[in-house]
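Trainee: coords please:
(one chain, ligands or ions: 1)
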Amino acid sequence: MFHARIAIALLAGLLLQASAALSAEQPTVLITGASRGIGLALTQQYAERGWNVIATARDPAGAPALQAIAKDHRNVVLEPLDVTSHAQIDALAAKYRGRPIDVLLNNAGISGGDDMGTFGHLDYAVYDRVHATNVLGPLKMAEAFLPNVAASQQKKIINISSTEGSLSLVKGRGGSYFYRSSKAALNMVMRSLAIDLRPQGITVGLVSPGFVKDDFTRGIDLPIMITPQQSAAAVIKVIDGYDLAKSGTFLRHTGEEAPW
Ligand SMILES: NC(=O)c1ccc[n+]([C@@H]2O[C@H](COP(=O)([O-])OP(=O)(O)OC[C@H]3O[C@@H](n4cnc5c(N)ncnc54)[C@H](OP(=O)(O)O)[C@@H]3O)[C@@H](O)[C@H]2O)c1
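Mentor: Numbering: from 1, shown residues only. This next block holds a predicted model:
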């Protein structure tokens, strides 16, 4: 009984801490993979706009840049979340039960390394990890946080995809089996979900963030590449423009439709 009371008091304290910085007047975004790259830049820019930001990362304590944003912005709450752990996703959704989330932003993603040229030596455990992160993770997030999105004003589930997942754009170069197929699968999952959630007024979007110079593309240096900050600014503009009429579309960071 005594232990149960302590547990309830601790839980209440944690809930208070989680909601202390979040205002009821501002919209809320939940971002996965906020530790670095595009997710970090999205966190920074939503924070500067004054939105409530629930910035999730596998190890927030080990992400100094993310810690610095949270230190400077009371409207940013950090939460540990590995999107391959459905138990963690369910626990976080339980913690935020009843809080409207305007934009659920599935950003976390991995390439699985460059498997090009390794056909004949493919590591299927890596393939499982890429799909668990890039496909199952966003779908499970959508399932777990659906009540939060449905209770919000903007009602958007936005997924960072890639033109590498476009069947019609893949020409000339083979390989990248794991990554390309994971983003093609993400596109199909979310296009289907868009149909199912339309009656609830929920918009489901897929955004390609451009060719971004960060850890994901380490070692590549091409003139067409943009910074994570430029990508995040463009992606936020696209998210702002998403509405039910556009639900189920696949858009580039420029706002144009990307081919499937
Ligand atoms: N960079 C590009 O040119 C480009 C182009 C098209 C699409 N994209 C997509 O954009 C998204 C963001 O990529 P990025 O460029 O920012 O890559 P990045 O710099 O490599 O960052 C990836 C982020 O995902 C997180 N992450 C990985 N596995 C995770 C998991 N299991 N649970 C939670 N978080 C996890 C990482 O967290 P840790 O720090 O814990 O590893 C990190 O925060 C991805 O979906 C990627 O496919 C990127």
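Trainee: Relative to I101, how far out is I157?
Mentor: From I157 across to I101, the span is 9 Å (CB to CB, to the nearest Å). Backbone N, C-alpha and C define where each C-beta goes, glycine included.
Trainee: Common neighbours of these two, please.
Mentor: By CB atoms under 8 Å, 6 or more residues apart in numbering, I157 and I101 have these common neighbours: V149.
Trainee: got the contact list for S162?
Mentor: For S162, the contact set (CB under 8 Å, 6+ apart) comprises G109, Y179, K183, S208, P209.
Trainee: okay, now R97: neighbour count?
Mentor: Counted with other CB atoms under 10 Å, the neighbours of R97 add up to 10.
Trainee: Could you tell me what pLDDT the model assigned to it?
Mentor: Note on R97: pLDDT of 98.
Trainee: in a strand, that's where it is, yeah?
Mentor: No - using DSSP: H, G, I helix; E, B strand; the rest coil, the assignment for R97 is coil, not a strand.
Trainee: Could you tell me how many residues sit around the closest residue to it other than its chain neighbours?
Mentor: Nearest non-adjacent residue to R97, counting by CB to CB, 6 or more residues apart in numbering: P147, 7.3 Å away. When counting by other CB under 10 Å, one arrives at 15 neighbours for P147.
Trainee: Any stretches of the protein with poor pLDDT?
Mentor: The chain contains residues with pLDDT under 70 at 1-20, 115-117.
Trainee: Kindly recompute the last result at 50.
Mentor: Applying pLDDT under 50 to the chain flags the ranges 1-2, 4-20.
Trainee: How about the residues of the stretch 1-150 of the chain by the ligand?
Mentor: Contact residues, the stretch 1-150 of the chain versus the ligand (CB under 6 Å from any ligand atom): 32-33, 35-39, 57-59, 82-84, 107-110, 133.
Trainee: From what I see, A151 and P100 are in contact.
Mentor: Yes - here A151 lies in contact with P100, judged by CB atoms under 8 Å, at a distance of 4.4 Å.
Trainee: Give me the more crowded residue out of the two.
Mentor: Set A151 next to P100 and count neighbours by other CB under 10 Å: P100 wins out with 18 against 13.
Trainee: can I assume that one is in contact with S152?
Mentor: Yes - here P100 lies in contact with S152, judged by CB under 8 Å, at a distance of 3.8 Å.
Trainee: residue ranges of the strands in the chain, please?
Mentor: For the chain, strands defined by DSSP state E occupy the ranges 28-31, 52-57, 76-80, 103-106, 156-160, 203-208, 250-252.
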